[in-house]
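**Student:** only geometry, no sequence info:
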């Protein structure tokens, strides 16, 4: 590992650590702040409304991430002209997607009513604002891929996290100023738009000849990106099924108040995953650059070292969260949500598997060799929901947590198999 790689990796880990710390802080602060303005059922409805636009994140068809991988590999080979062509092609695609998806979102909210549980005043418009924020985030994703491809991953990560912070602060502004679901969602959208515009401008600086525009777009490049993009498109589907889907299922079976409890337990457990992902996501551009330059031979040494480090991080994080969760839960919720050993243990089992297999997942994602992983994730998420529908009716939140652990164990096994196959590829 060269000094330049170490420096980029250190900056990337620092930026990701900041992002994960920010995520944890937002998650920890959101519950008492929202409950200070709303009651528990209203907060549960907000969580369910927030889960619905997650399905809209599939609208970019995975093109942003696939283009970012291709750009990073091209820059790793020294082919800046190809990277510029890929970037312009992806920009054309995202522009068309945002226009089409925005029109469909508006039509859907106008003609398709929300379920009775989600029909308080302003709920439909709140979903519209949340969905628009997802579309704006596609442009933020393009900006992030531009800085990642040009060796400035830490800058891109910091911009992404700061925009997210601005969006959350905007939501709080709407919450405490007007107190409605719509004002909360609208405040977040306004700050998302402003933050993304600033991030896009900053991304252009230092990118050399890779600039914003459409002039170099190439239909053949887009056609070549479809297969890896399709795999990335399905990642939000798998996440929506496993995370938002489980939230909606718990709400349907146990009610909005149980959703608030379930998400609180899951948030604590996912601190373990976030600790590992702060490290593993910093490896994404380094894996892509090394694979683009030398193939499996170039990426293997870094992967094996990172894999061992990821396991140590996972072990320490599980121990820390497991021992501290009773105290953290009591402090965080001011005693409104009690600690139950069995559901928390099952949640930590889920988080352990997800964290321990995060590095191989990132290896497959960064090299666009993720197709098998994605299909395994979708199949596992569906299986998890089916199991959860039975176990939750029988044992409440414990059943949902056990189903999540089972589903992620299947996905983790697929990640390990996929990484092993990649590393066995013959030299080109």
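**Tutor:** Yep, it's here. A quick note: this is a predicted structure, and the numbers were derived from the prediction, not measured.
**Student:** got the contact list for residue 217?
**Tutor:** Taking Cβ atoms under 8 Å, 6 or more residues apart in numbering, we find residue 217 in contact with 85, 88, 89, 91, 92. Just so you know, the C-beta spots here come from the backbone N, C-alpha and C atoms, and that holds for glycine as well.
**Student:** and the second one, what is it in contact with?
**Tutor:** The reference is to residue 88. 213, 214, 215, 216, 217, 218.
**Student:** let's go with 6 Å and repeat that
**Tutor:** 213, 214, 216, 217 (Cβ atoms under 6 Å, 6 or more residues apart in numbering).
**Student:** secondary structure element holding the third one?
**Tutor:** It refers to residue 216. Using DSSP states H and E, residue 216 falls within no helix or strand.
**Student:** so residue 210, which of the three states?
**Tutor:** Secondary structure for residue 210, judged by DSSP: H, G, I helix; E, B strand; the rest coil, is coil.
**Student:** now name the helix or strand holding the nearest residue to it once chain neighbours are set aside.
**Tutor:** Leaving aside its sequence neighbours, residue 210 sits nearest to residue 84 (Cβ to Cβ, 6 or more residues apart in numbering; 4.7 Å). Assigned by DSSP H and E, residue 84 belongs to helix 80-111.
**Student:** what packs against the helix or strand following that helix?
**Tutor:** Counting by DSSP H and E, the element after helix 80-111 in chain order, helix or strand, is helix 123-149. Contacts defined by 3 or more Cβ pairs under 6 Å, 6 or more residues apart in numbering; DSSP states H and E place helix 123-149 against helix 63-76, helix 80-111, helix 153-177, helix 181-204.
**Student:** may I see the buried residues of helix 123-149?
**Tutor:** For helix 123-149, the neighbour count (16 or more other Cβ atoms under 10 Å) marks 123-124, 126-149 as buried.
**Student:** that one vs helix 153-177, what angle?
**Tutor:** Angle, helix 123-149 to helix 153-177, by axes from the mean of the first three to the mean of the last three Cα atoms, to 10 degrees: 160 degrees.
**Student:** what's the angle between helix 123-149 and helix 80-111?
**Tutor:** The directions of helix 123-149 and helix 80-111 differ by 170 degrees, with the same axes, to 10 degrees as the criterion.
**Student:** got the angle for helix 123-149 vs helix 181-204?
**Tutor:** Put simply, helix 123-149 runs at 20 degrees to helix 181-204, going by the same axes, to 10 degrees.
**Student:** what's the angle between helix 123-149 and helix 63-76?
**Tutor:** 10 degrees.
**Student:** before we move on, back to that, so which of the contacts of residue 217 wins on neighbours?
**Tutor:** Counting neighbours by other Cβ atoms under 10 Å, residue 89 comes out on top of those with 24 neighbours.
**Student:** I figured that one hits residue 219, correct?
**Tutor:** No: Residue 89 is not in contact with residue 219 according to Cβ atoms under 6 Å; the separation is 7.7 Å.
**Student:** what's the helix or strand for the residue lying closest to residue 282 once chain neighbours are set aside?
**Tutor:** In space, and not counting its chain neighbours, residue 282 is closest to residue 12: 3.2 Å by Cβ to Cβ, 6+ apart. According to DSSP H and E, residue 12 maps onto helix 3-37.
**Student:** if you count neighbours, what's buried in that helix?
**Tutor:** Residues 8-9, 11-13, 15-20, 23-24, 26-28, 30-31, 33-35 are the ones in helix 3-37 that count as buried (16+ other Cβ under 10 Å).
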